[in-house]
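Trainee: sequence first, predicted model second:
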Amino acid sequence: MATQIEAIIFNGGRSSAAIPEELRTVPLSAGFTMLPVTQEVLSRLEPTAVGDDRIPADWTLRQPVAALARAMSADRPVLYIFSETSAGPGISEALAWHEGKLLYGPSGTCDLEIDFEPGYHLAPHDSAVNAGLRAIGVKATDDRDEYAVVGLTRHRMTDDWLKG
């Protein structure tokens, strides 16, 4: 079963001047909130905005989204993620800021050597997304990793978060 999630995740509610009012957020578990990165979100961002020059050009993380996430970090830690799996193995990319300063990443990981991209690390037991979630304060439990703790397992695809 495949999954693909691209999102901005942050602690607390949506109250931040940097989040455009027309963009929808959804509550996650453990006091976190997610802004799913959909085509609608992408259409509302300045396409030439640069969030961080350290993001490799061939990665999936997008500069305009990174710019929004960095702006949102003025008053809280903010994590921008991309995660994709196919029947188990997958790739993940993550980048976090706090007060506009780099907190974590950019980090890319893959479970299989065949998915290796320049700048990635082969990390079948700890994804860039889980490490990024730890960087913004998510704590794993004995039976759930950080991804599960915040509830990212509820939906498999980014657009599914906004249905219903």
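Mentor: Arrived safely, thanks for sending.
Trainee: what bits of this protein have low per-residue confidence?
Mentor: 14-17, 164 (pLDDT under 70).
Trainee: and the longest helix for it?
Mentor: Secondary structure of the chain per DSSP state H: the longest helix is helix 63-72.
Trainee: from the contact counts, what lies against that helix?
Mentor: Other helices and strands packing on helix 63-72, by 3 or more Cβ pairs under 8 Å, 6 or more residues apart in numbering; DSSP states H and E, are strand 2-11, helix 39-44, strand 78-86, strand 90-98. Any C-beta I mention is one placed from the backbone N, CA and C, and that applies to glycine too.
Trainee: so which of these is nearest Arg70?
Mentor: Taking Cβ to Cβ, strand 90-98 is the member of the helices and strands packed on helix 63-72 nearest to Arg70, at 4.8 Å.
Trainee: save the helices and strands packed on helix 63-72 as CSV, and put in mean neighbour count and distance to Gly132 too.
Mentor: As requested, the helices and strands packed on helix 63-72 are exported to CSV (neighbours: other Cβ atoms under 10 Å; distance: least, Cβ to Cβ, whole Å):
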stretch, mean neighbour count, distance to Gly132
strand 2-11, 21, 8
helix 39-44, 13, 19
strand 78-86, 24, 5
strand 90-98, 25, 3
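Trainee: still on that earlier bit, how far is the longest helix of the chain from where the chain is centred?
Mentor: 11 Å (Cα atoms, centre = their mean, to the nearest Å).
Trainee: send me it as PDB with only the CA atoms.
Mentor: Output of helix 63-72 as PDB, limited to C-alpha atoms (Å, rounded to 0.1, in the frame of the first residue of the first chain):
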ATOM      1  CA  GLN A  63      11.400  26.200  -2.100                       C
ATOM      2  CA  PRO A  64       8.100  28.100  -2.000                       C
ATOM      3  CA  VAL A  65       6.800  25.800   0.700                       C
ATOM      4  CA  ALA A  66      10.000  26.000   2.600                       C
ATOM      5  CA  ALA A  67       9.800  29.800   2.500                       C
ATOM      6  CA  LEU A  68       6.300  29.600   4.000                       C
ATOM      7  CA  ALA A  69       7.400  27.100   6.700                       C
ATOM      8  CA  ARG A  70      10.400  29.300   7.600                       C
ATOM      9  CA  ALA A  71       8.100  32.300   7.900                       C
ATOM     10  CA  MET A  72       5.800  30.300  10.100                       C
END
